[in-house]
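Visitor: predicted model follows, preceded by the sequence.
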Amino acid sequence: MALTITNLGTAVSVLDDQALAITGNTASVGDMVVVVVAAANSGSNGASSISSVTDGANTYTSRALINYDPGAASAGATLDIFTSVLVSPLSNSTITVNFSANTIQKAAHVYRAAPGAGQVPTFRAAGVGATGNTATPTITATSVANGDTIFGGLANETDDTITGDTDTD
């Protein structure tokens with residue numbers, strides 16, 4: 001049996017609160033949970049305001065903290081990707097993304113990567129695809145081994161309407 005990727009849930013908030021809760025998560029010991037977080041860079045002087053991901057039983061590691069900082073709080077955006085290979089199962093559990101104060105815009109998406117028989121999920125590498133203030137960012141090419149799975153995300157500070165392309169590659 002091959003690796004199975006499941007969308008566990010999403011949370012979005014535009015309130016001045018310090019957490020996002022993604023509820024109803026179910027995953028088994030040995031599964032990898034991937035949490036993709038985007039937020040305004042509301043920390044002091046434009047620093048990242050994303051602090052941690054918790055579920056009460058497992059440890060989540062930040063893998064790709066990318067902060068676009070034009071020099072002022074909430075003038076840019078931050079992307080962070082967290083992973084955890086579960087040592088405790090999740091059963092209708094809540095995964096919480098924590099932020100420092102004053103983080104108004106934020107979103108998180110949670111995925112479950114369930115390995116097939118005899119497989120063990122492993123985090124390999126994180127790369128920065130693009131940062132900066134451009135309408136069309138250039139993404140750095142990365143080599144990917146056959147059989148690897150890629151998770152990516154985007155954090156964007158804009159009031160423009162974003163239209164995704166229809167490419168499914």
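Guide: Happy to help now that I have it.
Visitor: chain center to the lowest-mean-pLDDT helix or strand in the chain: distance?
Guide: Across the helices and strands of the chain, mean pLDDT, DSSP states H and E gives its lowest value to strand 66-68, namely a mean of 80. Centre-to-centre, strand 66-68 and its host chain are 13 Å apart (C-alpha atoms, centre = their mean, to the nearest Å).
Visitor: contacts for the helix or strand that that strand is followed by next, please.
Guide: Elements were assigned by DSSP states H and E; along the chain past strand 66-68, the next helix or strand is strand 77-85. Strand 77-85 is contacted from outside by 30-41, 48-50, 53, 55, 58-68, 120-121, 123, 126, 151, 153-157, using C-beta atoms under 8 Å, 6 or more residues apart in numbering. C-betas here are computed from N, CA, C, even on glycine.
Visitor: for the most centrally placed residue in the chain, helix, strand, or coil?
Guide: Geometric centre of the chain, nearest residue: residue 36, 1.0 Å, by C-alpha atoms, centre = their mean. Of the three states, residue 36 takes strand according to DSSP: H, G, I helix; E, B strand; the rest coil.
Visitor: that one - nearest residue in space that isn't next to it in sequence?
Guide: Closest residue to residue 36 apart from its sequence neighbours, by C-beta to C-beta, 6 or more residues apart in numbering: residue 153 at 3.9 Å.
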